[in-house]
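**Q** Take this sequence and fold it.
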Amino acid sequence: MAVSRFVALAVAAAIGLGLAGTATTSAAADDLRIAAQPFPLYAPLFVAKQKKWLDEELAKVAPNAAVKWSLFPAGPPINESFAAGQQDVGFVGDTPALVGKAAGLDTSAIALTSDGPKSLAVVVGGDSPIASPKELKGRKVAVTKGSYAHHLLALVLEQGGLTLNDVELINLPVAEIPPAIVAGTIDAGAVWEPILTRFESQKAVRVLADGTGIKKGLLLIVADNGFLKNRPEQAKALLTAYKRASEFITANPKEAAELISSDVNLAPDLLVQVLQRMNYDPAIHDDDVAEVKKTEQFMRAHGLIKTAVDVDAFFNRKPADEAGLK
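**A** Below you'll find the model as predicted:
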C-alpha cells in the first residue's frame with residue numbers, strides 16, 4: 001500500500017473512531033516532535049517530562065530546540081501522523097509499529113517502551129459464566145483491530161482450540177470494550193492498561209487470560225529514519241532521559257505514580273499496581289526481536305499487513321548503543 005493511500009485510510013479511520021490526536025503548536029525545524037499515548041505503558045516518558053529530564057537532555061545537544069507533544073488514544077492514528085510527516089518519534093505497540101512499516105512508513109524501532117505480559121488481557125464480565133477460552137466459541141468478542149491486543153486475542157483463542165474465525169469479532173476502541181461488556185452487548189474483549197486495572201478494580205470485568213507465557217506485551221519507540229540520520233543526538237537524548245526515568249520508577253514506584261497520575265488518567269493507588277507489573281527497560285534484546293517476528297508472522301497470516309516486514313532490519317540498535325542502553 002502506498003503511503004498516500006495509507007494516509008487517506010488512516011485519516012478516515014481516525015475520524016470515524018474519534019481518534020484525533022491532541023497536538024501542540026507547530027514545531028520549528030530542530031524541535032523534537034513526539035507522538036505519545038497517555039497510558040502507564042509509557043510511564044517513563046511522562047516521568048521524564050514531569051522531572052524535566054527530557055528537556056535537560058535535549059538542551060545539551062540542541063539548545064534552541066523544544067519538545068512538541070501530540071497525544072493519541074491508540075497506535076493507528078500515530079501511524080497516520082507519521083505518514084503526514086508530523087512526527088519524529090512515536091510510542092506504540094509492536095502491532096501498530098509493524099502496520100506502519102508494512103504500509104510504507106520510513107521508520108525504525110530504536111528501543112522498547114516497556115513489556116508486561118499481565119498488562120494486556122482478554123476479559124469477560126465480572127459475573128460471566130465463561131471460564132475458559134474454548135467457551136468463547138460463537139461469542140461476540142471485541143478488540144481494537146490492529147492493536148497489539150489483537151494478536152493476544154488470537155493466541156488466547158488458540159489455547160482453547162479456536163481461531164479468530166470461531167468468534168464474532170467486533171472492532172471497538174479499547175475504552176469502549178469494558179462498558180460494552182457491562183452492558184451485555186458483547187461477551188468478551190481484549191484490553192490493555194490502564195483500562196484493564198481500572199475496570200478490574202471495580203469488578204466490572206474479570207481476566208480470562210493475559211499474556212503470561214504467550215505474549216510479552218512489547219511496546220516500541222519508533223523513529224522517522226530522516227530524523228535519525230539528521231538529528232541522531234536528539235534520539236540519544238530521548239533514550240537517555242527515558243532510561244533515567246525507568247530507573248526512577250523501579251526505585252520509587254509510589255512517587256512516580258503520584259507524579260504522573262494525571263498524565264495517564266489513573267488514580268495513584270491503582271497506577272502503582274500497574275507500574276510494579278511492568279518492565280520499563282528500554283534496551284533491545286534478541287528475544288524481543290524474536291517476539292516481534294512472531295507478531296509479524298501473525299499479522300501476515302491474518303491479512304493485517306500485506307507486505308512482509310524485515311524485523312531484523314526494522315530494529316536499529318545504534319541510538320540505544322550510543323545512549324549506553326544495555
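**Q** At which residues are the helices of the stretch 151-300 of the chain located?
**A** 177-183, 195-201, 225-230, 232-251, 253-264, 268-277, 286-301 (DSSP state H, counting those that start in this stretch).
**Q** Let me have these in CSV, extended by mean pLDDT.
**A** Output for the helices of the stretch 151-300 of the chain, formatted as CSV (pLDDT from 0 to 100):
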stretch, mean pLDDT
helix 177-183, 97
helix 195-201, 93
helix 225-230, 97
helix 232-251, 97
helix 253-264, 97
helix 268-277, 94
helix 286-301, 94
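**Q** would you list those in JSON lines and tack on mean neighbour count and distance to residue 167?
**A** (C-beta placed from N, C-alpha, C; glycine too.) Below are the helices of the stretch 151-300 of the chain laid out as JSON lines (neighbours: other Cβ atoms under 10 Å; distance: least, Cβ to Cβ, whole Å):
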{"stretch": "helix 177-183", "mean neighbour count": "19", "distance to residue 167": "14"}
{"stretch": "helix 195-201", "mean neighbour count": "20", "distance to residue 167": "20"}
{"stretch": "helix 225-230", "mean neighbour count": "14", "distance to residue 167": "38"}
{"stretch": "helix 232-251", "mean neighbour count": "22", "distance to residue 167": "36"}
{"stretch": "helix 253-264", "mean neighbour count": "19", "distance to residue 167": "30"}
{"stretch": "helix 268-277", "mean neighbour count": "19", "distance to residue 167": "27"}
{"stretch": "helix 286-301", "mean neighbour count": "16", "distance to residue 167": "16"}
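**Q** among these, which is nearest residue 75?
**A** helix 286-301 (12.6 Å; Cβ to Cβ).
**Q** quick check: longest strand of the chain.
**A** Longest strand of the chain, by residue count under DSSP state E: strand 107-114.
**Q** helices and strands around whichever helix or strand comes after that one, which ones?
**A** As assigned by DSSP states H and E, the chain's next helix or strand after strand 107-114 is strand 120-125. Strand 120-125 sits against helix 148-159, helix 177-183, strand 188-192, helix 195-201, strand 205-210, with contacts defined as 3 or more Cβ pairs under 8 Å, 6 or more residues apart in numbering; DSSP states H and E.
**Q** Quick check: residue 281 vs residue 210, distance?
**A** According to Cβ to Cβ, to the nearest Å, residue 281 and residue 210 sit 20 Å apart.
**Q** Next: residue 181.
**A** 16 Å.
**Q** Same question for residue 161.
**A** 19 Å.
**Q** So for these two, which sits in the more crowded spot?
**A** residue 210 (22 against 10; other Cβ atoms under 10 Å).
**Q** Can you name the residues bridging to that one?
**A** Residue 210 forms beta bridges with residue 121, as assigned by DSSP bridges.
**Q** right, and it touches residue 117 too?
**A** Yes: using Cβ atoms under 8 Å, residue 210 is in contact with residue 117, at 6.1 Å.
**Q** starting at the chain centroid, how far to stretch 265-283?
**A** Distance of stretch 265-283 from its chain centroid, counting by Cα atoms, centre = their mean, to the nearest Å, is 14 Å.
**Q** would you list the helices and strands packed on strand 120-125 in CSV and tack on distance to residue 69?
**A** Formatted as CSV, the helices and strands packed on strand 120-125 follow (distance: least, Cβ to Cβ, whole Å):
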stretch, distance to residue 69
helix 148-159, 22
helix 177-183, 26
strand 188-192, 21
helix 195-201, 22
strand 205-210, 30
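**Q** so which of those comes closest to residue 320?
**A** Of all the helices and strands packed on strand 120-125, helix 148-159 comes closest under Cβ to Cβ, at 20.6 Å.
**Q** how about stretch 171-189 as PDB, C-alpha atoms only?
**A** Provided in PDB are the C-alpha atoms of stretch 171-189 (Å, rounded to 0.1, in the frame of the first residue of the first chain):
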ATOM      1  CA  ASN A 171     -13.800  -3.800  16.200                       C
ATOM      2  CA  LEU A 172     -14.000  -1.300  19.100                       C
ATOM      3  CA  PRO A 173     -11.800   1.400  20.600                       C
ATOM      4  CA  VAL A 174     -10.300  -0.100  23.700                       C
ATOM      5  CA  ALA A 175     -12.000   2.400  26.000                       C
ATOM      6  CA  GLU A 176     -15.400   1.200  24.800                       C
ATOM      7  CA  ILE A 177     -14.800  -2.500  25.300                       C
ATOM      8  CA  PRO A 178     -15.400  -2.900  29.100                       C
ATOM      9  CA  PRO A 179     -18.600  -0.700  29.000                       C
ATOM     10  CA  ALA A 180     -19.900  -2.900  26.200                       C
ATOM     11  CA  ILE A 181     -19.200  -6.000  28.300                       C
ATOM     12  CA  VAL A 182     -21.000  -4.500  31.300                       C
ATOM     13  CA  ALA A 183     -23.900  -3.500  29.000                       C
ATOM     14  CA  GLY A 184     -24.100  -7.100  27.700                       C
ATOM     15  CA  THR A 185     -23.700  -6.100  24.000                       C
ATOM     16  CA  ILE A 186     -20.500  -8.200  23.800                       C
ATOM     17  CA  ASP A 187     -19.300 -11.200  25.700                       C
ATOM     18  CA  ALA A 188     -15.600 -10.600  26.000                       C
ATOM     19  CA  GLY A 189     -12.800  -8.300  24.700                       C
END
